[in-house]
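S.K.: here is a sequence together with a model predicted from it:
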Number of protein chains: 2
Amino acid sequence: MEPKETKNRILDAAEHLFAEKGYHGTSLRMITTEATVNLAAVNYHFGSKESLIEAVIERRLLPLNQLRTKQLKAVRDEARRNDRAPDVRQTLAAFIEPTLSFRNSGPGAQDFIALVARALADPNDTARSVFINRIKPVLDLLHQCLAEALPQIDPQTIFWRLHFMIGSLTHIMHNLDKLPIPTEMMPTDNSFQEITEMLLTFITTGMEAPQ
Amino acid sequence: MEPKETKNRILDAAEHLFAEKGYHGTSLRMITTEATVNLAAVNYHFGSKESLIEAVIERRLLPLNQLRTKQLKAVRDEARRNDRAPDVRQTLAAFIEPTLSFRNSGPGAQDFIALVARALADPNDTARSVFINRIKPVLDLLHQCLAEALPQIDPQTIFWRLHFMIGSLTHIMHNLDKLPIPTEMMPTDNSFQEITEMLLTFITTGMEAPQ
DNA sequence: TTGTATTTCAAACGTTCGTTTTAATCAATC
DNA sequence: GATTGATTAAAACGAACGTTTGAAATACAA
């Protein structure tokens, strides 16, 4: 077997199964069966089940956060160059759209989004703290951009509205395929793109609300 | 032991532990130990672990949803009586505030809120579907009220904004005690009340946003 | 008090879990 | 081609899981 092939197959299977069944709901036997590798391979390559989910999260979160950071800085610096405040919708889009385009980059990425959305609500401290530690610098940057964009709003209020936004984002990301959606409510096609536009409008308006 | 005493002690312990550790993360041995009842008592009184979590959810959700329904109908009927559209903020408050006052009604209620917030993100179909089936009529009523309050907005858009709101609500409810909140961001006191006010402003404005 | 139904209890059931062990296999270097 | 180190393989480990059993204890009506 190719070098790194086994590790990647384990990571792919783990990503898929953790997303679908959660951490506790997924056994190493499920993972190694789906990856068609030996049961002992997980402990050999990753040490433990906990270290495995850490590796799953880090593999995708690093490039995603780098992209988010790059786009946020682009919006901020462009505004500073023109000596004006950043646009709120642009700022929020810089954070949200990498998530969207990342989600559409492949089925593995979709699994990862579901996994992360769940990690935030998961009792498993490992998954949650890995995720929170990695995303915190990006959230700080987003908060800073929004504070520049909305000087009339108390930074404390912006902070909480940021979390309201994260709740909306993760809830939709995670439940889009599961919600009992009446057919007449379902957008005809490009549904995810349409819903993202609606989300962006919703949170932009909420973010700009007078206190 | 008092009649029903055993069942209620099991329900209380299960509520607490499911909220703290999730469904898969909680064993019947943990529950029966905390409830100081025999291990077999769960299967005797409830039949199975799955039926237990159903009973946990139904015990609290029924009265909570009754209260929500009552308040929503009060807002709607008051508006109809005066021949005007319901107020959006009042409508949303009718849904959200029972959750808030319920949460503050005791430690068991707080556990339950955490449990429900998690049930929405839990891979366990049992918990999620019990919750969704019970809350669906309330959401339909809320959707109907908002459609009356916002005739200029497409009902489909209202539907999705409703889910954005639920995401914000559950995220905050569930993570309030866990988020790494800088001390300068934390409201001084009555924090939950203050945050709820901010949430209400955020989602009301987002709900009223032009399409 | 006796008889009956309900509830509690300790013990064990079979399964599945994450992990470890030991040997076999593979790849690359001398 | 032999040697060495990295990887894979099969099997077993003890622990914990949800559930079941059958007897003991309790409650309550006759």
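M.R.: Cool, got the structure.

S.K.: phi and psi next, for A:A35.
M.R.: The phi/psi pair for A:A35 (degrees, to the nearest 10) reads phi -80, psi -10.

S.K.: verify the stated contact: it with A:R9.
M.R.: Yes - judged on Cβ atoms under 8 Å, A:A35 makes contact with A:R9 at a distance of 4.2 Å. All C-beta atoms are positioned from the backbone trio N, CA, C, and that covers glycine.

S.K.: who touches both of the two?
M.R.: Shared contacts of A:A35 and A:R9 (Cβ atoms under 8 Å, 6 or more residues apart in numbering or on different chains): none.

S.K.: which strands or helices does the helix or strand containing A:T126 pack on?
M.R.: Assigned by DSSP states H and E, A:T126 belongs to helix A:125-149. For helix A:125-149, the contact count by 3 or more Cβ pairs under 8 Å, 6 or more residues apart in numbering or on different chains; DSSP states H and E identifies helix A:49-81, helix A:88-103, helix A:107-119, helix A:155-175 as packing neighbours.

S.K.: which neighbouring elements make contact with the longest one?
M.R.: Think helix A:49-81. Helix A:49-81 packs on helix A:5-21, helix A:41-46, helix A:88-103, helix A:107-119, helix A:125-149, going by 3+ Cβ pairs under 8 Å, 6+ apart.

S.K.: what's next to the fourth one, contact-wise?
M.R.: In this case it means helix A:107-119. Under Cβ under 8 Å, 6+ apart, the answer for helix A:107-119 is A:12, A:15-16, A:18-20, A:22, A:56-57, A:60-61, A:99, A:102-103, A:127-128, A:130-131, A:170-171, A:173-174, B:121-123.

S.K.: return the set of buried residues in the lowest-mean-pLDDT helix or strand in chain A.
M.R.: In chain A, no helix or strand scores lower on mean pLDDT, DSSP states H and E than helix A:107-119, which sits at a mean of 81. Neighbour counts over helix A:107-119 (16 or more other Cβ atoms under 10 Å in any protein chain shown) mark A:A109, A:Q110, A:D111, A:F112, A:I113, A:A114, A:L115, A:V116, A:A117, A:R118, A:A119 as buried.

S.K.: tell me which parts of chain A are close to DNA strand D?
M.R.: A:M1, A:P3, A:E5, A:T6, A:V37, A:N38, A:L39, A:A40, A:A41, A:Y44, A:H45 (Cβ under 7 Å from any atom of the strand).

S.K.: the fifth one contacts A:K7, correct?
M.R.: What it means is A:V37. No - A:V37 is beyond contact range of A:K7, at 9.3 Å (criterion: Cβ under 8 Å).

S.K.: give me the neighbour count for A:E97.
M.R.: 15 (other Cβ atoms under 10 Å in any protein chain shown).

S.K.: and it, how far is that from B:E194?
M.R.: Here the criterion is Cβ to Cβ, to the nearest Å. By it, A:E97 lies 31 Å from B:E194.

S.K.: then A:V138?
M.R.: A:V138 is 26 Å from B:E194, by Cβ to Cβ.

S.K.: likewise for A:G25?
M.R.: From A:G25 to B:E194 the distance is 37 Å (Cβ to Cβ).

S.K.: same check, this time on A:A14
M.R.: On the measure of Cβ to Cβ, A:A14 and B:E194 end up 41 Å apart.

S.K.: more neighbours: which of the two?
M.R.: Using other Cβ under 10 Å as the criterion, A:A14 and B:E194 rank with A:A14 on top: 27 against 16.

S.K.: wait, that one sits on A:G22?
M.R.: No - counting by Cβ under 8 Å, A:A14 stays clear of A:G22, with 11.9 Å between them.

S.K.: give me the below-cutoff pLDDT ranges for chain A.
M.R.: Along chain A, the parts satisfying pLDDT under 70 run over A:1-3, A:121, A:123-124, A:177-190.

S.K.: 80 - rerun?
M.R.: Along chain A, the parts satisfying pLDDT under 80 run over A:1-4, A:100-101, A:103-104, A:106-107, A:117-127, A:174-192.

S.K.: how about A:K4, what does it touch?
M.R.: Contacts of A:K4 by Cβ under 8 Å, 6+ apart: none found.

S.K.: how close does it sit to A:H45?
M.R.: Using Cβ to Cβ, which is the criterion applied here, A:K4 is 10 Å from A:H45.

S.K.: same check on A:R81?
M.R.: A:R81 is 47 Å from A:H45, by Cβ to Cβ.

S.K.: how about A:V37, secondary structure?
M.R.: A:V37 falls in the coil class when you classify it by DSSP: H, G, I helix; E, B strand; the rest coil.

S.K.: next, count neighbours for A:E148.
M.R.: 16.

S.K.: meant to ask about A:Y23, not that
M.R.: Neighbours around A:Y23, by other Cβ under 10 Å: 24.

S.K.: is it in a helix, a strand, or coil?
M.R.: A:Y23 ends up coil, using three-state DSSP.

S.K.: got the contact list for it?
M.R.: Taking Cβ under 8 Å, 6+ apart, one finds A:I53, A:D122, A:N124, A:T126, A:A127 in contact with A:Y23.

S.K.: and A:L150, what does it touch?
M.R.: Per Cβ under 8 Å, 6+ apart, neighbours of A:L150: A:A85, A:V88, A:I158, A:M207, A:E208.

S.K.: so for A:L17, what's the nearest residue that isn't a sequence neighbour?
M.R.: The shortest distance from A:L17 to any non-neighbouring residue, by Cβ to Cβ, 6 or more residues apart in numbering or on different chains, is to A:T26 (4.4 Å).

S.K.: against A:R76, how distant is that neighbour?
M.R.: With Cβ to Cβ as the criterion, A:T26 and A:R76 are 39 Å apart.

S.K.: what parts of chain A come near DNA strand C?
M.R.: Residues of chain A lying near DNA strand C (Cβ under 7 Å from any atom of the strand): A:T26, A:S27, A:L28, A:R29, A:M30, A:L39, A:A40, A:V42, A:N43, A:S48, A:K49, A:E50.

S.K.: run the chain-centre distance for stretch A:55-74.
M.R.: 9 Å (Cα atoms, centre = their mean, to the nearest Å).

S.K.: and stretch A:130-140, by the same measure?
M.R.: That offset, for stretch A:130-140, works out to 11 Å (Cα atoms, centre = their mean).

S.K.: gap between the two ends of stretch A:81-95?
M.R.: Using Cα to Cα, to the nearest Å, the end-to-end distance of stretch A:81-95 comes to 20 Å.
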